[in-house]
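[1] Curious how this folds, go ahead:
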Amino acid sequence: MRKFLTLFLLLTVIASFSGCITPVEEGSKIKVTDAVGREVEIPAKVERIVSLSPDATRILIALGEGKKVVGVESYAKRCPVLRHVYPEIEDIPDVGNPWQGTLSLEKLAELNPDVVFVYGTLTEVADKIQSEFGIPTICTYRTVKDLDDFLATVKLVGKVVGKEEDAEKIADYISARFSELEEKASFVQEKPKVLVLGPTATKENLRVMVGETPFTLKYAGGINVASEIPRSYGSAPMASVSFEQVALWNPDVIIIHAMSTLTPGDLITDSQWKDITAVKDKRVYKVFVGYVGYDPALLVTQAMHMVKALHPDLFDWDFEEEANEVFEVIYGVSGIYTRLQEDFGLSEV
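    Numbering: from 1, shown residues only. Presented below is the predicted three-dimensional model:
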């Protein structure tokens with residue numbers, strides 16, 4: 001087993017023998033401050049959860065709390081990672097989608113959850129659920145600008161379900177992997193210019209990731225050429241641009257989101273793109289850059305994939321093997337990255 005997996009499992013064993021379990025008094029409550037600063041009183045022992053946040057759903061499953069999730073929004077049921085690591089997601093009731101106006105608060109209330117998770121952009125929804133139905137509702141982050149934002153949500157979810165130690169271990173593992181990438185990438189003298197094509201990209205309608213997204217790119221030692229385009233608060237981190245704009249940027253590397261209809265071959269064989277440096281050098285890669293928010297394992301593997309594509313000589317590890325290890329550590333399921341690679345035609349690096 002690789003060094004990170006061995007270390008993580010060792011820490012897990014040590015933790016399992018330390019301390020003692022404090023019984024929770026029936027009906028007792030605790031107060032939690034959520035990611036947007038709302039103080040929420042929740043049961044000390046949470047047994048039933050409705051998650052309107054795909055990130056929270058994935059974190060709950062990584063923490064081994066999937067059986068407590070009694071309702072989800074529709075995106076989680078289509079999440080490629082969850083469908084592999086937790087097939088039971090298919091059987092969890094869908095309460096509708098708060099972003100598309102299909103959320104049924106009545107259906108949510110009928111599931112009788114102890115707590116509800118929502119994104120921090122939906123504070124009005126959170127307040128409405130609490131005021132109308134008396135169900136404690138926890139907001140996760142509004143937007144992830146850096147790794148610490150996501151790790152704070154991992155720890156928040158862990159606190160809500162009484163898995164603070166497990167959440168801390170997941171957060172520590174993620175931090176260690178990012179620190180490894182950041183340390184190596186810091187020695188790169190010249191960072192390549194990178195264009196990240198979003199999941200709805202076509203040859204006619206180029207959608208690019210803008211602003212600070214994906215934030216993982218900076219850990220991989222790259223510069224997003226579209227960072228000059230601001231991201232609208234609460235909106236998808238993408239904008240439509242012309243091919244003429246892409247030509248002006250002339251990126252050194254192009255990353256295509258796994259959910260895009262484009263493939264590296266589409267660009268490499270397209271005569272319109274032949275003078276773009278990334279295409280001339282055949283440095284076009286398909287990478288899984290998230291799905292409706294962030295996944296604790298995919299967050300790590302996307303950064304690893306990028307750094308291996310941008311700076312292939314920095315690490316001598318087998319990327320696919322390392323990526324599979326990340327999913328095994330966080331979700332306890334083997335071979336997940338290989339399945340995603342097959343499903344979406346992700347680039348080998």
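
[2] what's near enough to touch the closest residue to residue 238 other than its chain neighbours?
    The shortest distance from residue 238 to any non-neighbouring residue, by Cβ to Cβ, 6 or more residues apart in numbering, is to residue 198 (4.2 Å). Every residue, glycine included, has its C-beta placed from N, CA and C. For residue 198, the contacting residues are 207-209, 236, 238, 257, 260, by Cβ atoms under 8 Å, 6 or more residues apart in numbering.

[3] quick one: which of the residues you listed is most hemmed in?
    residue 209 (28 neighbours; other Cβ atoms under 10 Å).

[4] Check what contacts stretch 28-48 and list those residues.
    Against stretch 28-48 from outside (Cβ under 8 Å, 6+ apart): 24-25, 27, 68, 70, 111-115, 120, 123, 126, 130, 136-142, 152-153, 156, 159-162.

[5] which of those residues count as buried?
    68, 70, 111, 113-115, 120, 123, 126, 130, 136-142, 153, 156, 159-162 (16 or more other Cβ atoms under 10 Å).

[6] Mark which of the contacts of stretch 28-48 are part of helices, please.
    123, 126, 130, 152-153, 156, 159-160 (DSSP state H).

[7] Need the max-distance pair from the residues you listed.
    130 and 152 (21.3 Å; Cβ to Cβ).

[8] which residues in the stretch 151-300 of the chain form strands?
    Using DSSP state E, counting those that start in this stretch, the strands of the stretch 151-300 of the chain run over 193-197, 206-209, 223-224, 238-241, 253-257, 284-287.

[9] Just send the ones you listed back as a markdown table, with distance to residue 175 and mean pLDDT too.
    Putting the strands of the stretch 151-300 of the chain into a markdown table (distance: least, Cβ to Cβ, whole Å; pLDDT from 0 to 100) gives the following:
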| stretch | distance to residue 175 | mean pLDDT |
| --- | --- | --- |
| strand 193-197 | 24 | 95 |
| strand 206-209 | 24 | 88 |
| strand 223-224 | 23 | 94 |
| strand 238-241 | 28 | 86 |
| strand 253-257 | 23 | 96 |
| strand 284-287 | 21 | 97 |
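
[10] what's the most buried one of these?
    strand 253-257 (a mean of 26; mean count of other Cβ atoms under 10 Å).

[11] per the record, what domains does the protein have?
    24-161, 189-344 (automatic domain parsing).

[12] Include distance to residue 182 when you put those into JSON lines, please.
    Listed next are those as JSON lines, based on distance: least, Cβ to Cβ, whole Å:
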{"stretch": "domain 24-161", "distance to residue 182": "9"}
{"stretch": "domain 189-344", "distance to residue 182": "5"}
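
[13] For residue 120, see how far away residue 140 is.
    Noted for residue 140: a distance of 6 Å to residue 120, by Cβ to Cβ, to the nearest Å.

[14] What of residue 276?
    Applying Cβ to Cβ to residue 276 and residue 120 gives a distance of 37 Å.

[15] next one: residue 145
    Residue 145 is 12 Å from residue 120, by Cβ to Cβ.

[16] Could you do residue 213 as well?
    Residue 213 is 16 Å from residue 120, by Cβ to Cβ.

[17] The closest residue to residue 242 other than its chain neighbours: what's it in contact with?
    Nearest non-adjacent residue to residue 242, counting by Cβ to Cβ, 6+ apart: residue 206, 7.2 Å away. By Cβ under 8 Å, 6+ apart, residue 206 lies in contact with 197, 240-243, 246.

[18] roughly how far apart are residue 206 and residue 273?
    Distance from residue 206 to residue 273, by Cβ to Cβ: 11 Å.

[19] One more: residue 160?
    Residue 160 is 47 Å from residue 273, by Cβ to Cβ.

[20] Also residue 313?
    Taken as Cβ to Cβ, the span from residue 313 to residue 273 is 26 Å.

[21] before we move on, what about residue 182?
    For residue 182, the distance to residue 273 - Cβ to Cβ - is 31 Å.

[22] could you say which helix or strand contains the nearest residue in space to residue 113 that is not next to it in sequence?
    Leaving aside its sequence neighbours, residue 113 sits nearest to residue 50 (Cβ to Cβ, 6+ apart; 4.3 Å). Assigned by DSSP states H and E, residue 50 belongs to strand 49-51.

[23] Residue 215 is in contact with residue 146, isn't it?
    Yes: Residue 215 is within contact range of residue 146, at 5.9 Å (criterion: Cβ atoms under 8 Å).
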